[in-house]
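Q: Quick one, what's the 3D model for this:
(2 chains)
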Amino acid sequence: MSALRFVCFCLCLAVSAACGAADGGFTSLLNGKDLSGWTMLPGKQPAFAVVDGLLETRVPGGSDLFTVARYGNYVLRFEYLLSKVGNSGVLIRCDPKNPWGTGVEVQLLAPWTPHRDDLHCTGSLYGYVAVTNRPDETTGVWHRMEIRCDRNVIEVSVDGRRTTVADTRAVKALDAKLLSGVIGFQSNHSKQGEFAQFRKIEIRDLDADQDYVLAGFSQTDERFRVQAREAAVALGPAMIVPLARVMEGDAVMARSVARQALFDIVAAASAPQAEAAARDAAARALREALGAKPSESTAGYVSWLSGMLRK
Amino acid sequence: MKSGIGRRHFLRQTGAALAAGPLIARAQTPPSERVRVAHIGTGNMGGAHIQAFAALPEVETVALCDVDSVRLAESAKRLVQRKPTAKPETYTDYRRILERKDIDVVTCATPDHWHALVAIHAFEAGKDVYGEKPLSYSLREGQRMEQTLRRTGAVFQLGTQIHAEDNYHRVAEIIRSGALGRIGTVRLWKNGGTRGLGFPPNQKPPDTLDWNLWLGPAPYADYTPVRCHGSFRSFFDYSGGVFADFWCHIADVLFMSLQPEGLSTVEARGEVPGDGIADTPKWIDADFAFKGLNVHWTTRPPPVPGAEKMSIGAHFEGEKGTLTCDYKSRKIRIGKEVLDDLPDVPVTLPRSPGHHRNFLDAVKSRGLPESNLPYARKMTLPMHLALASFRLKRKIVWDSVKEEAIGDPAANYLLGRTNRAPFV
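A: Numbers count the residues shown, from 1 in each chain, chains lettered A, B, ... in the order given. Now for the predicted structure:
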């Protein structure tokens, strides 16, 4: 699992390097030229293409589009335009093999069917959580959407107004969904000739933010503590000094998560196939943590861990 | 030490007489044939040792030791209830027991992280040892135990009492007979794993507990009750969880039956609990490649007939049939037939007179008891490798001759531990 996360982390780095970092910690997920960093499932007609710098889907019933990288907690923002009776959606925290079963769709829908209520309109967590502020659903113009996945809270905003707030733990069916996964865009779910377009797709990965990850160590829900631990491990040697600092705190829960995360980071750095730079960075960070003169038990643990990196 | 060896020599001579007529010898045990026993660690298993040894006619229980004075007083009381003539001295520090020249045998039922050190110090003091499983906290400690045993000539029995029962002997006879053909795969399992134990704050240890001595060679840690009695196995500082608790019991039937050799790779998967301070496996599955034999450990029953209802078990897959067993039962499946036994397979293995009895006999004859140290160490070694693989989240490639992980210094590092001074 952590090896997988590490691979994902590297992929994220590669994607951010390819697409270039944007402002406020946001990274573009679309390079405007092709679908690097994205994938469509084999066996279905490819339904997405980059046309004139825009991502668009026209083929009805074709393959949905998924990020290669997985994300747990993040802020995703993008602009979208729907044709007159356009129908698409954003799939969050899903497994591409079973996107609707494992994840949730944030709906994008033209207001063409009167029975599409607040539980199924644009901005809703389709079928699970209704919008409380119905957004502007005008078709043929660009709208901005922001989706924030913050552990158990999922928030959706359209054009700067919050439409939906969901506590996943309050909805039984949502509570059973994945806590991290790929991000997907649904292929044209309307008829031939309709379309949806997207631009300025950007993400801020909250699990790449040290303070956000460390705050997760004190979550009362075990699943989010485990998620935070895995995020810390994916961040690698850079987390060693902050983790050693957590071990010096009074919070038993956070200390215990930090202890395990430290072990897993050093264990990964000690792998025969690990890069020398990662090993050296881990060894250096452990020395730095010891230099801060921690308590006897933390110092003992940190110096024991450093033994794993000796050749 | 000298006098200990002298006493042993004496026991060896009387042992021969005992072998000739054990019933007579046991009926009236002269003082010279008495075995003076001390028990170190008086919790659940220690309590069982005290009772089991007290029931042997030539045993004189002379000393009890525990770092918890409440447990110590209770165990002394229970012993005297059972055997009103017993006058055990009580100790907090096992080293005081080892200093006594009049003690022949010590049993050890401390937490796992003390097993090796107590045994090694006891061997050096000229004592024989009946020690609880697992053999040792680390693989390197096991090596040191065996080296010390060879140097001192002590007798050691691992407390895998199920070994002594009929079932494992019969399984071994059936497997070794070849009736099931060559065995290519063995599946071992034990249901369940470590629970998190919540996030209790540290506190001052009770006045009745010598926490520093309880920790002994393990890294210093502040006290909280769950780290200690009853749930210490939930922590890698002291043990390796349910897996380390039960590996020896069920791997025993594999090693009795097949004596697997040439271990080359070990790969474990699993998870630590997320709901508490415990850090040993919530679940662990591991694959072991021996020469010509694949062994798989799982935390759930494997998908083989009959396993679902067994909380612990071993399943042998042969070319002609399978055998599925636990401590007391076995089922043989050949084609569509399900059998409890194969009457054509002759009884060839001598049965044990009981695990404690077998040990005492070896103490007297200076022979090898049934769960002797070299055997126990071989059987325990894969457990250490699986735990290291679990922690590192990677496969370990093993040199079974040098007993070293190949190309993975961190794996070798986790197979030993520098003891906390002065507990070396």
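
Q: Would you map the helices across chain A?
A: A:2-19, A:99-102, A:172-175, A:210-215, A:222-235, A:240-247, A:252-269, A:276-291, A:296-306 (DSSP state H).

Q: Turn those into JSON lines, columns for distance to A:Leu30, mean pLDDT and mean neighbour count.
A: Backbone N, C-alpha and C define where each C-beta goes, glycine included. Below are the helices of chain A laid out as JSON lines (distance: least, Cβ to Cβ, whole Å; pLDDT from 0 to 100; neighbours: other Cβ atoms under 10 Å in any protein chain shown):
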{"stretch": "helix A:2-19", "distance to A:Leu30": "7", "mean pLDDT": "46", "mean neighbour count": "16"}
{"stretch": "helix A:99-102", "distance to A:Leu30": "19", "mean pLDDT": "97", "mean neighbour count": "16"}
{"stretch": "helix A:172-175", "distance to A:Leu30": "28", "mean pLDDT": "94", "mean neighbour count": "12"}
{"stretch": "helix A:210-215", "distance to A:Leu30": "24", "mean pLDDT": "98", "mean neighbour count": "17"}
{"stretch": "helix A:222-235", "distance to A:Leu30": "23", "mean pLDDT": "98", "mean neighbour count": "23"}
{"stretch": "helix A:240-247", "distance to A:Leu30": "32", "mean pLDDT": "98", "mean neighbour count": "22"}
{"stretch": "helix A:252-269", "distance to A:Leu30": "31", "mean pLDDT": "98", "mean neighbour count": "23"}
{"stretch": "helix A:276-291", "distance to A:Leu30": "30", "mean pLDDT": "97", "mean neighbour count": "17"}
{"stretch": "helix A:296-306", "distance to A:Leu30": "40", "mean pLDDT": "95", "mean neighbour count": "18"}
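
Q: Columns distance to B:Ile174 on top of those, output as CSV?
A: Below are the helices of chain A laid out as CSV (distance: least, Cβ to Cβ, whole Å):
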stretch, distance to B:Ile174
helix A:2-19, 42
helix A:99-102, 47
helix A:172-175, 50
helix A:210-215, 55
helix A:222-235, 44
helix A:240-247, 53
helix A:252-269, 42
helix A:276-291, 50
helix A:296-306, 46
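
Q: Of those helices, which is nearest B:Ala388?
A: Evaluated over the helices of chain A, closeness to B:Ala388 peaks at helix A:252-269, with 9.9 Å, by Cβ to Cβ.

Q: is chain B contacted by the closest one?
A: Yes - applying Cβ under 8 Å from any Cβ of the partner chain, one finds helix A:252-269 touching chain B at A:252-253, A:256, A:259-260, A:263-264, A:267-268.

Q: returning to what we had before: out of the helices of chain A, which comes closest to A:Tyr71?
A: Across those, closest to A:Tyr71 is helix A:2-19 (Cβ to Cβ), at 8.2 Å.

Q: Apart from its chain neighbours, what residue comes closest to A:Met239?
A: Spatial nearest neighbour of A:Met239, chain neighbours left out: A:Ala232 (5.0 Å); criterion: Cβ to Cβ, 6 or more residues apart in numbering or on different chains.

Q: so what's the closest residue to A:Leu41 other than its chain neighbours scoring on pLDDT?
A: Excluding its sequence neighbours, the residue lying closest to A:Leu41 (Cβ to Cβ, 6+ apart) is A:Ser63, at 4.9 Å. pLDDT, A:Ser63: 94.

Q: Just give me the neighbour total for the residue lying closest to B:Ala405 once chain neighbours are set aside.
A: Residue nearest to B:Ala405 in three dimensions, not counting chain neighbours: B:Ala411, with 3.7 Å by Cβ to Cβ, 6+ apart. Using other Cβ atoms under 10 Å in any protein chain shown, B:Ala411 has 27 other residues around it.

Q: show me the contacts for B:Ala411.
A: B:Ala411 is in contact with B:388-389, B:392, B:396, B:405, counting by Cβ atoms under 8 Å, 6 or more residues apart in numbering or on different chains.

Q: Pull out the buried members of the residues you listed.
A: By neighbour count, with 16 or more other Cβ atoms under 10 Å in any protein chain shown, those hold B:388-389, B:392, B:396, B:405 as buried.

Q: Need those in JSON lines (columns: distance to A:Thr27).
A: Converted to JSON lines, those look like this (distance: Cβ to Cβ, whole Å):
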{"residue": "B:Ala388", "distance to A:Thr27": "38"}
{"residue": "B:Ser389", "distance to A:Thr27": "36"}
{"residue": "B:Leu392", "distance to A:Thr27": "32"}
{"residue": "B:Ile396", "distance to A:Thr27": "38"}
{"residue": "B:Ala405", "distance to A:Thr27": "40"}
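
Q: mind listing what's buried in the helix or strand encompassing B:Trp214?
A: Assigned by DSSP states H and E, B:Trp214 belongs to helix B:211-215. Within helix B:211-215, the residues that count as buried by 16+ other Cβ under 10 Å are B:211, B:213-215.

Q: what's the answer for stretch A:145-160, then?
A: Result for stretch A:145-160 [16+ other Cβ under 10 Å]: buried residues A:145-149, A:151-152, A:154, A:156-158.
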